[in-house]
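A.B. asks: Need a 3D model of the following:
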Amino acid sequence: MDDSLLLLFNQTWTHSALDTVMAVFTQLAVPVMFGLGALYWLRGRKTLGKAMTVGIIVGIGLAVLFQLLSGRPRPIDARLVIPQPNTFSLPSGHATGGFLLATLLVLDKQTRTWIKWSAVGLAILNAFTRLYLGMHYFSDVVAGTYLGIAVGVATYGWFFQSHDLLSRIKHLLWIQVAVMVLCTQMAYLGYLPLYLLRWPWADKVLHFLLVGPVVFWLHLWLKPAYRNVGSTLIPTAVLIALLVVGAEEILQILSPLRTADWLDFGFDLAGMLTFWYLANWVLQQSDEEGLLASP
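C.D. replies: Alright, predicted model coming up:
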């Protein structure tokens with residue numbers, strides 16, 4: 001799919017006039033993404049400006065980190081209008097930054113509707129330029145898109161919808177989910193950093209640390225926090241994580257690059273229960289100390 005879509009957008013659906021437009025747009029995107037927060041700050045929207053600046057730093061930082069971890073080369077034999085960056089490909093930093101800022105503007109209550117729609121359109125165009133110019137594969141752009149949206153939602157929640165530290169922390173759920181999905185995507189594409197996973201039990205520890213924190217933050221969100229399954233009361237966050245992780249373990253059978261392993265599932269479950277217990281303890285402490293803000 002990656003190769004077919006790259007061939008379509010980079011070599012088939014092309015025009016010399018579009019080459020210049022796409023090249024200029026993609027090169028202007030980086031200074032605009034990093035400067036937009038300062039612009040909103042100077043216009044008096046200090047909270048939004050701060051959220052944009054922090055969000056871009058976190059989002060692009062995560063994109064660069066996972067580019068280094070994946071080590072995926074840029075597309076080979078692509079039709080190049082401008083030189084490819086001397087960095088790795090997965091995920092797309094342009095897509096991450098564009099959709100992060102668009103998400104913040106869409107969620108912001110004071111932003112006009114036409115600006116919100118324009119931001120979404122520009123984010124899509126920004127991501128498309130990376131395919132058109134042969135800078136990224138389609139899966140790189142998809143990864144950058146959901147990473148940017150996740151960081152945007154988390155950043156908005158941290159700056160605009162948080163009354164205390166605990167309510168801020170729970171918005172990190174979206175970043176953790178994106179990181180877990182990105183690691184899963186890297187595994188299916190065959191770009192997990194195997195040099196790190198050669199350490200004894202490294203892959204099991206990764207399962208523990210990827211799924212567990214999702215349950216931690218999810219338990220802070222969910223009400224009711226427990227569900228009756230037959231005669232057993234199960235934490236809702238653990239139940240949701242079990243269903244998703246169990247389905248993914250089954251899907252691994254269909255991939256030549258993955259191997260379903262019930263020991264992996266066991267470490268997933270151990271992470272879920274450990275972090276659920278930790279989240280429950282945090283909620284109890286916050287209630288006792290009055291740290292949890294009332295709605």
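A.B. asks: Show me what the lowest-mean-pLDDT helix or strand in the chain is packed up against.
C.D. replies: When the helices and strands of the chain are compared on mean pLDDT, DSSP states H and E, helix 194-197 comes out lowest with a mean of 76. Packing contacts for helix 194-197, counted by 3 or more Cβ pairs under 8 Å, 6 or more residues apart in numbering; DSSP states H and E, involve helix 202-221. Any C-beta I mention is one placed from the backbone N, CA and C, and that applies to glycine too.
A.B. asks: now for the helix it packs on, which elements pack on it?
C.D. replies: Short answer (3+ Cβ pairs under 8 Å, 6+ apart): helix 202-221 packs on helix 165-169, helix 173-189, helix 194-197, helix 236-251, helix 262-289.
A.B. asks: Which stretch among those helices is buried most, on average?
C.D. replies: Each of the helices and strands packed on helix 202-221 was scored by mean neighbour count; the highest is helix 173-189, a mean of 20, by mean count of other Cβ atoms under 10 Å.
A.B. asks: Which strands and helices lie in contact with that helix?
C.D. replies: helix 46-70, helix 138-160, helix 202-221.
A.B. asks: now those as CSV including mean pLDDT, distance to residue 284 and mean neighbour count?
C.D. replies: Formatted as CSV, the helices and strands packed on helix 173-189 follow (pLDDT from 0 to 100; distance: least, Cβ to Cβ, whole Å; neighbours: other Cβ atoms under 10 Å):
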stretch, mean pLDDT, distance to residue 284, mean neighbour count
helix 46-70, 96, 30, 19
helix 138-160, 97, 23, 24
helix 202-221, 91, 12, 21
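A.B. asks: Give me the angle between the helix or strand that residue 36 is a member of and helix 46-70.
C.D. replies: In the assignment (DSSP states H and E), residue 36 maps to helix 16-42. Between helix 16-42 and helix 46-70, the angle comes out at 130 degrees (axes from the mean of the first three to the mean of the last three Cα atoms, to 10 degrees).
A.B. asks: In helix 16-42, which residues are buried?
C.D. replies: Buried residues in helix 16-42, counted by 16 or more other Cβ atoms under 10 Å: 22, 25, 26, 29, 33, 36, 37, 40, 41.
A.B. asks: gap between that helix and the chain center?
C.D. replies: Helix 16-42 sits 22 Å away from the centroid of its parent chain (Cα atoms, centre = their mean, to the nearest Å).
A.B. asks: ok, now stretch 3-13?
C.D. replies: 25 Å.
A.B. asks: Show me what stretch 131-142 is in contact with.
C.D. replies: Stretch 131-142 has contacts (Cβ atoms under 8 Å, 6 or more residues apart in numbering) with 1-3, 5-6, 9-10, 14, 18, 22-23, 26, 72, 74-75, 78-82, 84-85, 89-92, 94-95, 127-130, 144, 185, 189.
A.B. asks: State the phi and psi torsions of residue 234.
C.D. replies: The phi and psi torsions at residue 234 (degrees, to the nearest 10) take the values phi -120, psi 140.
A.B. asks: residues near it, how many?
C.D. replies: 14 (other Cβ atoms under 10 Å).
A.B. asks: Tell me the secondary structure at the spatially closest residue to it that is not a sequence neighbour.
C.D. replies: Leaving aside its sequence neighbours, residue 234 sits nearest to residue 227 (Cβ to Cβ, 6 or more residues apart in numbering; 5.7 Å). Classification of residue 227 using DSSP: H, G, I helix; E, B strand; the rest coil returns strand.
A.B. asks: What of residue 82?
C.D. replies: Using three-state DSSP, the structure places residue 82 in coil.
A.B. asks: Quick check: it touching residue 27?
C.D. replies: Yes: Residue 82 is within contact range of residue 27, at 7.3 Å (criterion: Cβ atoms under 8 Å).
A.B. asks: Can you tell me, leaving aside adjacent residues, what's nearest to residue 236?
C.D. replies: Per Cβ to Cβ, 6+ apart, closest to residue 236 is residue 222, 4.7 Å.
A.B. asks: Lovely, talk soon.
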